[in-house]
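Peer 1: Need coordinates for the following:
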Amino acid sequence: MKIKVSLAQRIFDTFNVIFMLFLIVIMIYPLWHVACASLSDSKLLLGQQGIMLKPMGFNLEAYKAVFTNKMIVVGYKNTLIILLFGVCLNLVMTGVAAYCLSRKNLYLGKLIMKLITISMFVSGGLIPMYLLVTRTLGLGNSLMSLIFPTAINTYNFIIMRTSFSQIPEALIESARLDGANHFQVLVKIVVPTSLAIISVMVLYYAVAHWNAWFNASIYLKDRSLFPLQLVLREILIQNNTSAMADAMAADQHAIGESIKYAIIMVATIPILCVYPYLQKYFTKGVMIGAVKG
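Peer 2: Numbering: from 1, shown residues only. Modelled structure (predicted):
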């Protein structure tokens, strides 16, 4: 039997669909505009105004200019190193801390909570954190200065701890009765049953490392250690300042505009490619947190 839908419900559904389509357009169009501009002819792009729905003369010169810059390649390499080691450290540290605090009467959990509280107070100030990393730990001007200080994100830690606490205590106790220690319980029981939330943590930490540039600008002095975002920021700033100079020719200014858009796409596309592979796990993790109390 067909369910009768009231007029008010139809109006709401129509408005909801229109509103969601509007949100999709305003979120997708900026990226589409940048993609079209990066593939456009530089001279045509210089005189373009208003909405752009397709490239103005297909041209790959901007991308060639970007990838011939050696610092772009260096930035990619450094970012991949930070991403690989950083995410692995994030998952280990966050997972261990979350497990300790998710289990009752575990003394190590209380100690970890104290350490996290202290680290939150220290990281709250820029100068104390800088002194801790450069003087106390001796990690100044090294890629480790971008990995160790961000080993645990408090927000991600709370999410993982909440997920681990939802695992039935009886399952943990049965493994303990069979002679498993806490490390074995974590590796063989907690991790396999928490793949959804772990994938969410991988996504959160990977995006954070990929987009990070501020800490690198503080701790790094050697340009050969610059991550991708810091390299791109430097290129964009230099391009903007040179574009404002009167000595720059008009065609150079046009090429510079195309390069700016190409740089944005170079920095955005890789992380966008990760989302489709983790989306199903991300949705599952959200649903698990919504169903269980």
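
Peer 1: Ramachandran angles for N59?
Peer 2: Note on N59: backbone dihedrals following degrees, to the nearest 10 are phi -150, psi 130.

Peer 1: Could you check how far it is from A37?
Peer 2: Distance, N59 to A37, using C-beta to C-beta, to the nearest Å: 11 Å. C-beta here means a position set from N, CA and C on the backbone, and glycine is covered the same way.

Peer 1: quick one: common contacting residues for those two?
Peer 2: Applying C-beta atoms under 8 Å, 6 or more residues apart in numbering, one finds that N59 and A37 are jointly contacted by S258.

Peer 1: what is the mean pLDDT for stretch 79-90?
Peer 2: Throughout stretch 79-90, pLDDT has a mean value of 92.

Peer 1: Name the residues of that stretch that come out as buried.
Peer 2: Residues of stretch 79-90 classed as buried by neighbour count (16 or more other C-beta atoms under 10 Å): 79, 82-83, 85-87, 89-90.

Peer 1: hmm, back to that, and N59 and A37? which has more neighbours close in?
Peer 2: Higher neighbour count among N59 and A37: A37, with 22 against 19, using other C-beta atoms under 10 Å.

Peer 1: Could you tell me the end-to-end distance of stretch 188-204?
Peer 2: One end of stretch 188-204 to the other measures 24 Å (C-alpha to C-alpha, to the nearest Å).

Peer 1: For that stretch, what is the distance to the chain centroid?
Peer 2: Centre-to-centre, stretch 188-204 and its host chain are 17 Å apart (C-alpha atoms, centre = their mean, to the nearest Å).

Peer 1: burial of A212, as a residue count?
Peer 2: 20.

Peer 1: isn't it right up against L146?
Peer 2: Yes. Between A212 and L146 there is a contact under C-beta atoms under 8 Å: 6.8 Å.

Peer 1: Find the residues that touch each one of those two.
Peer 2: Common contacts of A212 and L146, defined by C-beta under 8 Å, 6+ apart, comprise 82, 227.

Peer 1: returning to what we had before: just curious, which of the buried residues of stretch 79-90 is nearest to L53?
Peer 2: Distance to L53 across those (C-beta to C-beta) is lowest for T79, with 32.2 Å.

Peer 1: name the helices or strands packed onto the host helix or strand of the closest one?
Peer 2: Assigned by DSSP states H and E, T79 belongs to helix 70-102. For helix 70-102, the elements it packs on are helix 107-123, helix 154-165, helix 195-211, helix 228-243, judged by 3 or more C-beta pairs under 8 Å, 6 or more residues apart in numbering; DSSP states H and E.

Peer 1: ok and it relative to helix 154-165, angle-wise?
Peer 2: Relative orientation of helix 70-102 and helix 154-165, computed by axes from the mean of the first three to the mean of the last three C-alpha atoms, to 10 degrees: 40 degrees.

Peer 1: and the angle from helix 70-102 to helix 195-211?
Peer 2: Relative orientation of helix 70-102 and helix 195-211, computed by the same axes, to 10 degrees: 140 degrees.

Peer 1: what distance separates helix 70-102 from the centre of its chain?
Peer 2: Its chain's average C-alpha position is 11 Å from that of helix 70-102, according to C-alpha atoms, centre = their mean.

Peer 1: so L137 makes contact with F148?
Peer 2: Yes. L137 lies in contact with F148 (C-beta under 8 Å); the separation is 7.0 Å.

Peer 1: State the distance from K64 to Q229.
Peer 2: According to C-beta to C-beta, K64 and Q229 sit 21 Å apart.
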